[in-house]
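1. model this:
(2 chains)
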Amino acid sequence: MKAVLPAIALALLLMAMPHAGGWFHAWMPELSHPLYTRTSFVALTASHVALVLSATVLSTVVGLSLGILATRPAGRSLLPTVRAVAVIGQTFPPVAVLAIAVPLLGFGAAPTFVALALYGVLPVLGQTVAGLDAVSPAALHAADGMGYGRWRRLLDVELPLAAGPIMAGVRLSAIVSVGTATIGSAVGATTLGSPIVEGLVGNNTAYVVQGALLVGALALTVDGVLGVVERKIRRGV
Amino acid sequence: MIEFDGIRKRFGGHAVIDGLSLRVDDGEFFVLVGPSGSGKSTLLRMVNRLVLPDEGTIRVDGEDVASVPVERLRRGIGYAIQSVGLFPHRTVAENIATVPRLLGWSKEAIRDRVDELLALLRLDEPGMASRYPRTLSGGQQQRVGVARALAARPRIVLMDEPFGALDPLTRESLQASLKAIQRETKTTILFVTHDMDEAFGLGDRVALMLDGRLVQTGTPSELIREPVNDRVRDFVGGARARLRELALHRVRERMHRGGVADGEAVDADATLQDALGAMLMQGRERLPVSEGGHAVGTIDLADMVERRR
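-> Residues are numbered from 1 along each chain as shown, chains lettered A, B, ... in the order given. Okay, here's the model as predicted:
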């Protein structure tokens, strides 16, 4: 239910929004253009989702790899450094990351992608390390004693047992990205932030409301869907 | 056969194992017994190279364990530990199948072997194979742990206080299962415990380990009757050890055939300890002995005492 209701709300909003011009006009009669029409809401949502999805995939790959590396006997000494770097990364406001990225990568989706991917690493990394550290030492000892190789032990025992916490990290990373991606529109990425940014600049409250409603519904949907995946994984453990 | 030859191991300047040599024969149930910190678990773990000795060699069936690829070595040796270490995300059947799967057995062979082990370890209630470890009692979990250690029919099984965390009744029942399986399969078992009763009850031979050295190695009776020094005598339990020794002998060995007596009969296959208990409980110095439900003779309180030659 937690996944279904927001998904239905999002679908209804996407269908109703293009026809809600009259309604917004009635609410804010002073606006000459009460409905955002530069890009369709469906296209904005699709591009928003694509950006979040690709950034989350990259964050997950990087966070998971670093987390695995930092929990291997050889990489243990790296753990504090890896954590510190990730935490420092998190303390930069996304806007600052964008400001640094734009001169390097130009305007558009690229700097936003970099900012989101960078931001998403920490939750995945933290949860990967926590999940792998929480695997029962007895199970690991038994696995070693029975002749598991290092990689086989990781794939067959450690990762399945840590999958729940890791998925929680991925979910957090994705939700944060859904929100943060809206800021990307300030540097020219096409996202659901576009109507919000344009509305703020042009003093058009209707645009802001339209963008915000959709972003909210999208965030709840992503949270719900990934929550279902996470519960499914945890049940097996 | 397991041979330890001149083994030394130091941890932080402290000798945990101090020049130890030992031979465990084929098909033998060998128990290493000693207090915590005596080095017995460390010694055990050297066989499957979870711990490496600083000095000395260990040979399994004549082959130096240091020369065998470590994964192959470990897959060929059964291993059961006190904390069991079942994989929580795997069912009972999958847990038992761990080593056969690592060895690449066929699906059918694995299924047959798992069924066989479930029956052997009395884990055959319906639906057991597909349950997850967290739904099992402690005793059942350790039964699965033992089944997992035996799964690939290893010639050697290492057991590190496998029954240490179980309640006495469950422990006795598992000890009996293990002893029966070992007699049947002639598996070589190297078993570590700090519990003297467990050591004497299970071991064909027992080695008492103190401070990284073997103080005495022999059959349970030898350790009880001929302790080499006072430390062994203390550890074995002094005069009380003689009560333990009663558990090593059967009523059959000391009974008088043909006699009759009043009271509730003891079975000829019961231990002398059981018989003495029955006498204390019934308040009699002589009890009838039965075999397969038929009275076959008697046993006296005096039969408990074996006169010195």
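
2. Once you drop chain neighbours, what's closest to residue B:136?
-> residue B:144 (6.9 Å; CB to CB, 6 or more residues apart in numbering or on different chains). The way it works is simple: take the backbone N, C-alpha and C, and place the C-beta from them, glycine included.

3. whoops, I mixed them up, residue A:34
-> Closest to residue A:34 by CB to CB, 6+ apart is residue A:24, at 3.8 Å.

4. burial count for the one you found?
-> Other residues near residue A:24 number 21, with proximity taken as other CB atoms under 10 Å in any protein chain shown.

5. quick one: it and residue A:206 touch, right?
-> Yes - between residue A:24 and residue A:206 there is a contact under CB atoms under 8 Å: 4.5 Å.

6. Buried residues of the helix or strand bottoming out on mean pLDDT in chain A, list them for me.
-> Lowest on mean pLDDT, DSSP states H and E among the helices and strands of chain A sits helix A:79-91, with a mean of 79. Judged by neighbour count using 16 or more other CB atoms under 10 Å in any protein chain shown, the buried positions of helix A:79-91 are A:79, A:82-83, A:86.

7. still on that earlier bit, which neighbours do residue A:24 and residue A:206 share?
-> A:31, A:34-35 (CB atoms under 8 Å, 6 or more residues apart in numbering or on different chains).

8. Need the nearest residue in space to residue 109, chain neighbours excluded.
-> Here I'm looking at chain A. residue A:189 (4.4 Å).

9. Correction: the question concerned chain B.
-> Excluding its sequence neighbours, the residue lying closest to residue B:109 (CB to CB, 6+ apart) is residue B:100, at 7.1 Å.

10. Phi first, then psi, for that neighbour.
-> phi -50, psi -40 (degrees, to the nearest 10).

11. Equivalent analysis for residue B:6, please.
-> As for residue B:6, its main-chain torsions (degrees, to the nearest 10) stand at phi 60, psi 50.

12. One more: the one 4 residues further on?
-> Here is the backbone geometry of residue B:10 (degrees, to the nearest 10): phi -120, psi 140.

13. same deal with residue B:32?
-> Dihedral angles (degrees, to the nearest 10) for residue B:32: phi -100, psi 120.

14. for residue B:286, same thing?
-> Dihedral angles (degrees, to the nearest 10) for residue B:286: phi -140, psi 130.

15. so it touches residue B:300, yeah?
-> Yes - applying CB under 8 Å, one finds residue B:286 in contact with residue B:300, separated by 5.0 Å.

16. And the helix or strand where residue B:16 lies, how far out from the chain middle?
-> In this assignment (DSSP states H and E), residue B:16 forms part of strand B:14-24. Per CA atoms, centre = their mean, to the nearest Å, the displacement of strand B:14-24 from the mean C-alpha position of its chain is 21 Å.

17. what comes up buried for the lowest-mean-pLDDT helix or strand in chain B?
-> Least confident helix or strand of chain B, by mean pLDDT, DSSP H and E, is helix B:240-246 with a mean of 80. Using 16+ other CB under 10 Å as the test for burial, helix B:240-246 gives B:241, B:244-245.

18. Pick the one among those residues closest to chain A.
-> Each of the buried residues of helix B:240-246 was scored against chain A by CB to the nearest CB, and residue B:244 proved nearest at 31.0 Å.

19. Name the residues that touch stretch A:15-23?
-> A:34-35, A:40-41, A:210, A:213-214.

20. Cross-reference those with the helices and report the matches.
-> A:41, A:210, A:213-214 (DSSP state H).

21. Chain B contacts on chain A?
-> Taking CB under 8 Å from any CB of the partner chain as the criterion, chain A approaches chain B at residues A:136-149, A:152, A:157, A:160-161, A:236-237.

22. Apply 10 Å and report the result again.
-> A:135-150, A:152, A:156-157, A:160-161, A:163, A:233, A:236-237 (CB under 10 Å from any CB of the partner chain).

23. If any of those are buried, put those into a ChimeraX selection.
-> Those of the residues of chain A next to chain B that count as buried under 16+ other CB under 10 Å are selected in ChimeraX with:
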select /A:135,136,139,140,141,142,143,144,145,146,147,148,156,157,160,161,163,233
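
24. Let's see which of the residues of chain A next to chain B end up in helices.
-> Per DSSP H, these map to helices at A:137-145, A:150, A:152, A:160-161, A:163, A:233.

25. Looking at those residues, which gets the smallest pLDDT?
-> Across the set of those, residue A:233 stands lowest in pLDDT, at 83.

26. Let me see the contact set for the nearest residue to residue B:95 once chain neighbours are set aside.
-> Once flanking residues are discounted, residue B:95 sits nearest to residue B:86: 5.1 Å by CB to CB, 6+ apart. Residue B:86 makes contact with A:136, A:138-139, A:142, B:92, B:94-96, B:98, B:132-134, B:136, B:141-142, B:144-145, B:148 under the criterion CB atoms under 10 Å, 6 or more residues apart in numbering or on different chains.

27. Ok, residue A:122 next?
-> Residue A:122 is in contact with A:59, A:63, A:83, A:85-90, A:169, A:172-173, A:176, counting by CB under 10 Å, 6+ apart.

28. repeat for residue B:292
-> B:267-269.

29. sorry, back to before: who does the least confident helix or strand of chain B touch, helix- and strand-wise?
-> helix B:196-202, helix B:220-225, helix B:230-236, helix B:272-282 (3 or more CB pairs under 10 Å, 6 or more residues apart in numbering or on different chains; DSSP states H and E).

30. among these, which is nearest residue B:67?
-> helix B:196-202 (31.1 Å; CB to CB).

31. Quick check: mean pLDDT of the helix or strand following the closest one?
-> Sequence order places strand B:205-210 as the next helix or strand after helix B:196-202, per DSSP H and E. Strand B:205-210 shows a mean pLDDT of 95.

32. hey, where'd the helices end up in the chain?
-> In the absence of a named chain, chain A is used. Counting by DSSP H, the helices of chain A are A:4-16, A:21-27, A:41-71, A:79-91, A:94-105, A:109-133, A:137-145, A:150-153, A:159-180, A:193-201, A:205-235.

33. um, chain B though
-> So, for chain B - with DSSP H - the helices run B:40-47, B:70-75, B:92-96, B:98-102, B:107-120, B:138-150, B:168-185, B:196-202, B:220-225, B:230-236, B:240-246, B:251-254, B:272-282.
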